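Colleague: fold the following and give me the result.
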Amino acid sequence: MDEDDRLRFLFAKAFETSVPTDDCPSPEELLDAYHRQLPTERAAEVVDHIATCAVCAEAWRLARQTPPPTGRR
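Modeller: All right, here's what the predicted structure looks like:
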């Protein structure tokens, strides 16, 4: 399992223990945000969402505990 697979697992796990809303970014979009691969405007929207959504905040907290793969920031 590579690092992205591990992060997908952690994001999906956070969504299993809580109920995401229709406004929640997908685990893939959270992964892109984590790797800073979203357009600036969308990244800001995801950050704003994480600040107000306990489900996504937990997914983000789990991801922050996992170091990014070598060569990625």
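Colleague: show me where pLDDT drops low in this structure?
Modeller: The model of the chain has pLDDT under 70 over residues 1, 15, 17, 66-73.
Colleague: how does it look with 80?
Modeller: 1-22, 27, 62-73 (pLDDT under 80).
Colleague: just the strands from it, written as ranges.
Modeller: With DSSP state E, there are no strands along the chain.
Colleague: ok, the residue sitting nearest the centre point of it to V47 distance?
Modeller: In the chain, the residue lying closest to the centroid (C-alpha atoms, centre = their mean) is L30, at 3.0 Å. Separation of L30 from V47 (C-beta to C-beta, to the nearest Å): 11 Å. Heads up, the C-betas are built off the backbone N, CA and C, glycines and all.
Colleague: V47 against A33, yeah?
Modeller: Yes - at 7.5 Å, V47 counts as touching A33 under the criterion of C-beta atoms under 8 Å.
Colleague: which one's more surrounded, the two?
Modeller: A33 (22 against 13; other C-beta atoms under 10 Å).
Colleague: how about that one, what does it touch?
Modeller: 25, 43, 46-47 (C-beta atoms under 8 Å, 6 or more residues apart in numbering).
Colleague: now the buried members of these.
Modeller: 25, 46 (16 or more other C-beta atoms under 10 Å).
Colleague: among the contacts of A33, which are located in helices?
Modeller: Those of those mapping onto helices are 43, 46-47, per DSSP state H.
Colleague: name the single longest helix found in the chain.
Modeller: helix 3-17.
Colleague: check which residues of that helix are buried.
Modeller: 7-8, 10-11, 14-15.
Colleague: which one of these is nearest C56?
Modeller: Nearest to C56 among those, counting by C-beta to C-beta, is A14 at 7.6 Å.
Colleague: was I right about A59 contacting E28?
Modeller: No - at 11.8 Å, A59 does not count as touching E28 under the criterion of C-beta under 8 Å.
Colleague: tally of neighbours for R64?
Modeller: By other C-beta under 10 Å, the burial measure for R64, its neighbour count, is 10.
Colleague: picking up where we left off before, which one of the contacts of A33 is nearest to R64?
Modeller: Of the contacts of A33, the one sitting nearest to R64 (C-beta to C-beta) turns out to be V47, at 12.8 Å.
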